[in-house]
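Visitor: Predicted structure and sequence below. I'll ask about it afterward.
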Amino acid sequence: MASVGLRAWVYGRVQGVGFRYSTQREAKALGLTGHAINLDDGSVEVLMCGEQQQVDALLGWLQAGGPRSARVERVLTEPCQPAAGLKGFTTG
């Protein structure tokens, strides 16, 4: 199957609540590569690359609110080319 890429920006109470690490755990369990990084505006950017079904699963988890400690208000997405050479799923 072909690999796909998706970039998501998650807004709400998503910094300082373990959001990136929970996202990393979910992504690794799904076999995705990419990253979850805090942005200066208080949001978190999530880059996810892998099979469409697994990308959809992580996106669904984000849209459902992520970890219980977070409060996701909205998730914006944009398709992107799968990042070549990514190893694992990192946090920044």
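Guide: Here it is on my side, so go on.
Visitor: mind listing what residue 24 touches?
Guide: 36, 89, 90, 91 (Cβ atoms under 8 Å, 6 or more residues apart in numbering). From N, CA and C alone the C-beta is placed, and that goes for glycine too.
Visitor: Okay, and the beta partners of the residue nearest to the spatial centre of the chain?
Guide: For the chain, the residue nearest the mean C-alpha position is residue 46 (3.4 Å; Cα atoms, centre = their mean). Beta-bridge partners of residue 46, counted by DSSP bridges, are residue 8, residue 36.
Visitor: before we move on, back to that, which one among the contacts of residue 24 gets closest to residue 29?
Guide: Distance to residue 29 across these (Cβ to Cβ) is lowest for residue 89, with 9.8 Å.
Visitor: pretty sure that closest one contacts residue 29?
Guide: No - Residue 89 is beyond contact range of residue 29, at 9.8 Å (criterion: Cβ atoms under 8 Å).
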